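Student: A structural model of the following input is requested.
(chains A and B)
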Number of protein chains: 2
Amino acid sequence: MNVMYVVAIGSIAALIYVACMFVRVKGQPEGSAGMIKISTAVRKGAGAYLRRQYLGVGIFFAVVFIILLCMAFGGFLSYFTPFAFLTGGFFSGLSGFIGMRTATMANCRTAEGASRSLNKGLKVAFSAGSVMGFTVVGLGLLDLTIWYFILNTVFHSLPETERIAQITANMLTFGMGASSMALFARVGGGIFTKAADVGADLVGKVEAGIPEDDPRNPAVIADNVGDNVGDVAGMGADLYESYVGSIVSTAALAVAAGFGVKGVAVPMMLAAFGVIASIIGTFFVKTKEDASQKNLLKALRLGTYISAVLVVAGAYVIIRLLLPEHIGIYAAVLSGLVAGVLIGAITEYFTSDSYRPTRDLASSSETGAATVIISGLSLGMLSTVAPVIIVGVSVLISYYCSGGNADFNMGLYGVGVSAVGMLSTLGITLATDAYGPIADNAGGIAEMTHMPPEVRNRTDALDSLGNTTAATGKGFAIGSAALTALALIASYIDKVKQLNPDIALNLTITNPTVLIGLFIGGMLPFLFAALTMDAVGKAAQSIVVEVRRQFKEIKGLMEGKAEPDYAACVDMCTKSAQKLMLAPALIAVIIPIVVGLLLGVNGVAGLLAGNTVTGFVLAVMMANSGGAWDNAKKYIESGAHGGKGSDQHKAAVVGDTVGDPFKDTSGPSINILIKLTSMVSIVFAGLIVAVHLL
Amino acid sequence: MNVMYVVAIGSIAALIYVACMFVRVKGQPEGSAGMIKISTAVRKGAGAYLRRQYLGVGIFFAVVFIILLCMAFGGFLSYFTPFAFLTGGFFSGLSGFIGMRTATMANCRTAEGASRSLNKGLKVAFSAGSVMGFTVVGLGLLDLTIWYFILNTVFHSLPETERIAQITANMLTFGMGASSMALFARVGGGIFTKAADVGADLVGKVEAGIPEDDPRNPAVIADNVGDNVGDVAGMGADLYESYVGSIVSTAALAVAAGFGVKGVAVPMMLAAFGVIASIIGTFFVKTKEDASQKNLLKALRLGTYISAVLVVAGAYVIIRLLLPEHIGIYAAVLSGLVAGVLIGAITEYFTSDSYRPTRDLASSSETGAATVIISGLSLGMLSTVAPVIIVGVSVLISYYCSGGNADFNMGLYGVGVSAVGMLSTLGITLATDAYGPIADNAGGIAEMTHMPPEVRNRTDALDSLGNTTAATGKGFAIGSAALTALALIASYIDKVKQLNPDIALNLTITNPTVLIGLFIGGMLPFLFAALTMDAVGKAAQSIVVEVRRQFKEIKGLMEGKAEPDYAACVDMCTKSAQKLMLAPALIAVIIPIVVGLLLGVNGVAGLLAGNTVTGFVLAVMMANSGGAWDNAKKYIESGAHGGKGSDQHKAAVVGDTVGDPFKDTSGPSINILIKLTSMVSIVFAGLIVAVHLL
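Tutor: All right, here's what the predicted structure looks like:
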């Protein structure tokens, strides 16, 4: 298939772009010795964390690899699956690692750039963010290309239709490796970052009354490390997984829908073309030297929109060429892209302090912390309505325009294509998203090295700009997660039918096993959120104790005469995160298998549907409640409702602290949860079917 | 059907028992003039609220009645439905009204009783609670009996099988009236009670630093009124609806399963026998004069368990006699009863300060309000796991033991029977539940009239005992709601098939309309919770402003020299509750109709399933988080973690305040929401089917 050469070109283009950006970032001045010192400490901390994390995850991967190998030996799986599992995990982890390395290299350089102008700061941060964005898509396409060529060689003797079916079925399973790695990265990184953040805030800001990012706070380096391992490495692994998952599940559905090689080529080509479109988009992200914050936002948006318009044009050509008789599939691409943008806009509306919801939330601080919490929770719950309707409409359009009325599988293929469409410009959307935590870190460095206040103001402007673009990024992440999960459910059922065409499938919602599956699936995100929030709480409490201890025992610390023991806090966060990420991650892997063994494939299908529905709603709610609390606090800090230090501000800080695990640990992890359960179900389908036929 | 005479006897027995208990309560001494004054103020406030509520709801009922009449005229409904709708609403409202009247009569008498001994106090409160419990079951069975005889007379010319089908189909629809009334009562009462509570606490306890139930607090009477209109009248209407809903849906499923008249008789007989068993149980609720709190709990439990054992024995005889070839259905009754008890036990484990979860929650107050909120939310989420599994197992047992393997409809009938089994002892479980708010009110009266501290201690003991028994009551309420909702979904699909056997039903979860229905259904409880919490927040804020105004403007109020304007707060709560209950209630009615018009019956089926699953999980979470926060605060007040007035206590009060709308407004209302949407779907099925066949 010549298409794969195009994909390979897309991958190589992305990786070359990554190299250029990396070199560009590296060539920037690093700043003063103090800045370098802090940046080095953060880099070392983040590196130490990732090493420890990969070690722990390595054990998990080794165990699962052996289990998969045994299953392959027993005939429940193809022999490629265990290895595909490993490569998926490897590339997902590598994406996170490269992104994190670049980010920790860029933080002091961004601060140094910001000391000259806002635009200089943006350039460094955005270039570093681009490294993350294009590493994800480049490595994702690379993994696909390598496996495609391997599998194509192995199955070269089969006739085309059968060969492509074998290839896509095998490729589907390597999503599980990527999902597992992503879950660990998101959960572990999320626990780390929020434990450090909450711990630093609770003792530093609330008890000792010192400002955020004050160098006297022993948890301040850990807090900065957390931004890198959670918001950068975690997000990279997460979106790698979404990207690859949506492509391979759509490819598998193409075979089921009878579209053959050309149907498989559509998502691949869309993705490859999206990389080129994204690279072109990045060239438009530049402004005049004296640009205002508004102009910067325009510049970032311009890049994203140009990429999207290019994809809109290119997708038409791709589908016209490959599936000219099914041009309706083009509507699926469009609906996916539009849905992503709309969910992003809704997210921004509910979480930005330019709009009423967050302002009302800020004003609820007038009556204390309890009303801040109640209003924030209800804001998050309310914000789920529009995304649900948007996803619903998008699914309907994708399904029926792709021929779902005539053939069920064609419609589901359309849903998959819309997810791929949504993620096709991931290179640039992720770049605009990933630069936020870099700017955040730069601000920390500016604060700690006592740079002039205008530098901090500029990094704050970049950071808050990042929050806005991150809202769009979050829209794409959660929207694509829902669509990909739906495509994966369809792939699962398809896989089961392939394994045994005579299996008694009864997927009606009145079948009690489906119903119970729905119930368990609906409960799973709640259990998962509970465990991850608890983990943050526990880890934060240990940090609180440690910070209090240092304040008490290190003489001269509060007066700035002695230095706190930063490394102890980093180490403690690392250990806690490693220990506490295990339970939630294992649950995501084990529950679909247990449900499969007890309730069979119908129960699993119910589980996946219930999990996707409740997971989507809960993830949106948690992300938006958390985002709104964060910005309501910032709004008050900007002078509203009594400003910094007032009782209203204290009430808002409670909201922000509750929101931390909501928006940065539990919420985004649920995105991965809903896909990982589907992936696990697909990989273990052979075993489940065999057990239930005994 | 002679069975209906038995049901009539059950109903009359319950109502006679109610009359006896009412007379007994009324015969107790009312206490001092001060007590009578407060009790009268509470009674008047509650009466005024209910009058206003029934007026507002009356308009809603009139509008819907006319709509239903038009639909009947258009041939989409039977002519009985509009009238059945009215009677359902009437009896549900009447249950709440009688319960509330008795409760407001009993509060001062309970305080007076408690001034003599704990046991005397218990007797009065429990007798008053029994009035509520047996009014609900008595009126429920009365409504059923009357309609049965009317319909039986009208359809007397039809052959038996057809006649019973007509009767059950018509009776099914009057659940909508009961559900609508219940929703208004729960939401309106819930907003009232929590607005008053939160408002009173925020200004009184937190700002002014005066104790709970202090007569100087202008919102204190409103707070006590709230207990009666929310926790008594609201709960009565709620459980009336569960009780009747489970019986009529099971009766309708009996016809679908081909069990005919005898199958219909089973739930009726179970309910009637349950009334007798409950009355017998109440006779065992007595203790020695100097009983300890532990002995009191034993006495209450003894009554409940004796009733349950009697039902266990009686159910065997009933099923043996009526459906001897399907004795497996007996397992459904047992599984329902056991599931109710188990969910109650889980609720108690998670929300009582005798166990670890609530104690850990209390200790999270050491690090401030934010960790109290995070821990409480995660506790509630974690507590959903066991109930989901219990309901799941119970459904499986009921379904398969009732012959679901051979005939789908038989299995669903079994699920319905298990809900009826769970609710059969409602008379006594509701009595042990409803006496809690009465004891709470008595405590308020004791505080306000400056009775000796041991009286308050005794009413507190009764109140906390009530919290424990209420946990069991909540287990039955939420468990039966889930099972009834499932039975109603089955009835809905059955109804659609009856309306048009050729309709294109495709209820598989991969059908996109079902999937989108699932998504919308999964989002609905979140939307509903958001609106009800917002309503509490808004209403509470207006109370806060009013209380602050009175503290400021009424001279000598804080010194106890002047009296606050209690009526202004009651009036304000009433108005807010009336205004704010409309939006959430209308949403529950309108959304299933809109989804039906847009997505057809498959979409509605998905909606109902998604709504039931997410609603169950969210309701359990909100109820348990709220309960645990409440008890964690009480635990700290009892001296742990710094005790009353400490920073830890302040943090716990924030949790309790957030928990108020969770456990008393949103959580229990979701129980009704999941049934009302099903009821609305059933009533409007004729219209939806007709529109989609156009």
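
Student: close to chain B, is the host helix or strand of A:A539?
Tutor: Assessed by DSSP states H and E, A:A539 sits inside helix A:512-553. Yes: counting by Cβ under 8 Å from any Cβ of the partner chain, chain B has neighbours in helix A:512-553: A:512-516, A:518-523, A:526-527, A:529-531, A:533-534, A:536-537, A:540-541, A:544. Quick note: C-beta positions are derived from backbone N, CA and C, even for glycine.

Student: for that helix, packing partners?
Tutor: helix A:175-200, helix A:566-580, helix A:582-637, helix A:647-661, helix A:667-683, helix B:369-382, helix B:385-401, helix B:582-637 (3 or more Cβ pairs under 8 Å, 6 or more residues apart in numbering or on different chains; DSSP states H and E).

Student: so which of these is nearest B:Y5?
Tutor: Nearest to B:Y5, of all the helices and strands packed on helix A:512-553, is helix B:385-401, at 28.2 Å by Cβ to Cβ.

Student: buried ones in that closest one?
Tutor: By neighbour count with 16 or more other Cβ atoms under 10 Å in any protein chain shown, helix B:385-401 contains the buried residues B:385-392, B:394-401.

Student: how far off centre is the helix or strand following that helix?
Tutor: Sequence order places helix B:408-423 as the next helix or strand after helix B:385-401, per DSSP H and E. Centroid separation for helix B:408-423 versus its chain: 20 Å, with Cα atoms, centre = their mean, to the nearest Å.

Student: next one: stretch A:399-418
Tutor: 26 Å.

Student: does chain B sit close to it?
Tutor: Yes: Stretch A:399-418 comes into contact with chain B (Cβ under 8 Å from any Cβ), by way of A:399-400, A:404, A:408, A:411-412, A:415.

Student: again, but for stretch A:238-258
Tutor: No: figure legend: stretch A:238-258 not in contact with chain B (Cβ under 8 Å from any Cβ); closest approach 11.4 Å.

Student: quick one: low-confidence ranges for chain A?
Tutor: For chain A, residues meeting the criterion pLDDT under 70 lie at A:1, A:206, A:289-291, A:293, A:694.

Student: near chain B, which residues of the stretch 501-650 of chain A?
Tutor: Proximity of the stretch 501-650 of chain A to chain B (Cβ under 8 Å from any Cβ) is limited to residues A:507-510, A:512-516, A:518-523, A:526-527, A:529-531, A:533-534, A:536-537, A:540-541, A:544, A:605-606, A:609-610, A:613-614, A:616-617, A:621.

Student: assign A:P501 to helix, strand or coil.
Tutor: At A:P501 the chain is in coil, as set by DSSP: H, G, I helix; E, B strand; the rest coil.

Student: from A:V689, how far out is it?
Tutor: In this view, A:P501 and A:V689 are 11 Å apart by Cβ to Cβ, to the nearest Å.

Student: the two: which is more packed in?
Tutor: In terms of neighbours (other Cβ atoms under 10 Å in any protein chain shown), A:V689 is the more surrounded of A:P501 and A:V689; the figures are 20 against 8.

Student: double-check that that one belongs to a strand.
Tutor: No: under the criterion used here (three-state DSSP), A:V689 is helix, not part of a strand.
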